[in-house]
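Undergrad: sharing a sequence plus its predicted fold:
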Amino acid sequence: MHKIIDGKAIAAELLDTVAIDTAELTAAGWQQKLVAIVVGDSAPVALYVRNQRRAANRCGIDFEERTFAGDSSIDEILAAISTMNADPRVTGIIIQRPLPQHLSIRRLQSAVHPLKDVEGMHPASIGDIVYNNVRLGPCTAMASVELLRRTKLNLSGLEVTVIGHSEIVGKPIAFLLMAEGATVTVCHHMTRDLSIHSRRSDAVFVAVGKPNLVTGDMIKPGAAVIDIGINQITDEKGNPRVVGDVEFDSCESVAGWITPVPGGVGPVTVAMLMRNAVVAANRQKEHYESKFAQTTQIQS
Ligand code: NAD
């Protein structure tokens, strides 16, 4: 049994499929293009953009970074999104997080045309999840559930605890799992005792943003642990390091499966973004083709 779930290998597999689908779309005259909106300067955002560009290049998808000054107004960015929505050459729009404080992510995300919502974070995309009709799902949530699927555990009736209940990660994970028949408990900052829930679960997802929040004594022996957190810390030697929300060593010794950070959810999230890019481009293609068919019917 492979105890450590290898996110890099799973991402590579997903990207290979995306590359094949992209080649088909390109041959049909649909060259995909993702535009990443970056506001201000941020080291984590620069890293996300680099990883996304690398994945897009690997699949044959064009990738453009559109940079805005940190003090740009929301109207300026909304105007740019509106132009991209109307531009048939742009097939997907990504709004890089975190944004400067004065910008409302919800307003910007809602302004992206739902057919170009490759991040799966438009309210319409989130609503699709609640109705169990996933088209463009939020990438991190989709990636996290995919990693659990790779354990081959039967999700029907599985006891799962999700720690963290944000709109883009924790809540959609809970809905995706319920759709598979899992019994889901959602914990958050007001939960009295996390371990009561985590210790009786067959799988635990952690998406909080606090290093070492979950320790081995909180995990049922043999359970799957999916660590979504990304935290920049300085280690004992004074070196910067990225860690998840899970204390890896103590959890690894009791878990049946565990995702590492880095190399777990992160790369699969980027692969899901590329998969969404293909889904979005295909939906736009169908949309234009049906419009064209309607126009020719009216003319004839
Ligand atoms: P968020 O700040 O929106 O939500 C944090 C959640 O944690 C909230 O639901 C809050 O109630 C809960 N919480 C806070 N303190 C808690 C505690 N002590 N016990 C239990 N729950 C607590 O964060 P988010 O956007 O959902 O991101 C969560 C983490 O996942 C962050 O570390 C973020 O960097 C990471 N993340 C990773 C990816 C990826 O691709 N791997 C993508 C998005 C977010």
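TA: Cool, the structure landed.
Undergrad: ok, now which ones touch the nearest residue to Leu103 once chain neighbours are set aside?
TA: In space, and not counting its chain neighbours, Leu103 is closest to Ile74: 5.6 Å by C-beta to C-beta, 6 or more residues apart in numbering. Every residue, glycine included, has its C-beta placed from N, CA and C. Ile74 makes contacts with His102, Leu103, Ser104, Arg107, Leu108, as judged by C-beta atoms under 8 Å, 6 or more residues apart in numbering.
Undergrad: how is Val38 assigned, secondary-structure-wise?
TA: Taken by DSSP: H, G, I helix; E, B strand; the rest coil, the conformation at Val38 corresponds to strand.
Undergrad: low-confidence ranges in the stretch 151-300 of the chain?
TA: Within the stretch 151-300 of the chain, the stretches with pLDDT under 70 are 300.
Undergrad: who wins for most neighbours among the contacts of Ile74?
TA: When neighbours are taken as other C-beta atoms under 10 Å, the top entry among these is Leu108 (21 neighbours).
Undergrad: in what helix or strand does Val268 lie?
TA: helix 265-299 (DSSP states H and E).
Undergrad: which residues does Ser125 contact?
TA: Counted by C-beta under 8 Å, 6+ apart, Ser125 has contacts Pro114, Asp117, Arg135, Leu136, Gly137, Pro138.
Undergrad: and the pLDDT for the first one?
TA: Among the per-residue scores, Pro114 shows a pLDDT of 98.
Undergrad: pretty sure it contacts Ala124?
TA: Yes. Under the criterion of C-beta atoms under 8 Å, Pro114 makes contact with Ala124 at 4.4 Å.
Undergrad: return the residues of this structure in contact with the ligand.
TA: Residues of the chain lying near the ligand by C-beta under 6 Å from any ligand atom: 140, 163-166, 168-170, 187-189, 191, 194, 207-210, 228-231, 265-266, 269.
Undergrad: what's the closest of the contacts of Ile74 to the ligand?
TA: Ser104 (14.3 Å; C-beta to the nearest ligand atom).
Undergrad: and the closest one, what's its pLDDT?
TA: Per-residue pLDDT puts Ser104 at 98.
Undergrad: just give the nearest non-adjacent residue to it, would you?
TA: Among residues not flanking Ser104 along the chain, Ile74 sits closest, at 6.7 Å (C-beta to C-beta, 6+ apart).
Undergrad: how near is the one you found to Ile105?
TA: Distance, Ile74 to Ile105, using C-beta to C-beta, to the nearest Å: 10 Å.
Undergrad: how about the helices in the stretch 151-300 of the chain?
TA: With helices called from DSSP state H, counting those that start in this stretch, the stretch 151-300 of the chain shows them at 170-179, 194-198, 248-254, 265-299.
Undergrad: Ala280 contacts Ile94, doesn't it?
TA: No. Here Ala280 lies out of contact with Ile94, judged by C-beta under 8 Å, at a distance of 11.0 Å.
Undergrad: any common contacting residues for those two?
TA: Both Ala280 and Ile94 are contacted by Val118, under the criterion C-beta under 8 Å, 6+ apart.
Undergrad: residue of the stretch 1-150 of the chain nearest the ligand, please.
TA: As assessed by C-beta to the nearest ligand atom, the ligand sits closest to Thr140 within the stretch 1-150 of the chain, at 3.8 Å.
Undergrad: show me the contacts for that residue.
TA: Ile168, Val169, Ala207, Ile228, Val265, Thr269, Met272.
Undergrad: could you dump the residues you listed to a markdown table with neighbour count and distance to Arg58?
TA: Below are the contacts of Thr140 laid out as a markdown table (neighbours: other C-beta atoms under 10 Å; distance: C-beta to C-beta, whole Å):
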| residue | neighbour count | distance to Arg58 |
| --- | --- | --- |
| Ile168 | 19 | 25 |
| Val169 | 25 | 25 |
| Ala207 | 25 | 27 |
| Ile228 | 29 | 23 |
| Val265 | 30 | 19 |
| Thr269 | 25 | 15 |
| Met272 | 28 | 14 |
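Undergrad: now, the most widely separated pair of these?
TA: Spatial extent of the contacts of Thr140 (C-beta to C-beta) is set by the pair Ala207 and Met272 at 14.9 Å.
Undergrad: which of the helices of the stretch 151-300 of the chain sits most buried?
TA: Highest mean neighbour count among the helices of the stretch 151-300 of the chain (mean count of other C-beta atoms under 10 Å): helix 170-179, with a mean of 22.
Undergrad: give the other helices and strands that that one contacts.
TA: helix 123-130, helix 139-149, strand 159-163, strand 183-187 (3 or more C-beta pairs under 8 Å, 6 or more residues apart in numbering; DSSP states H and E).
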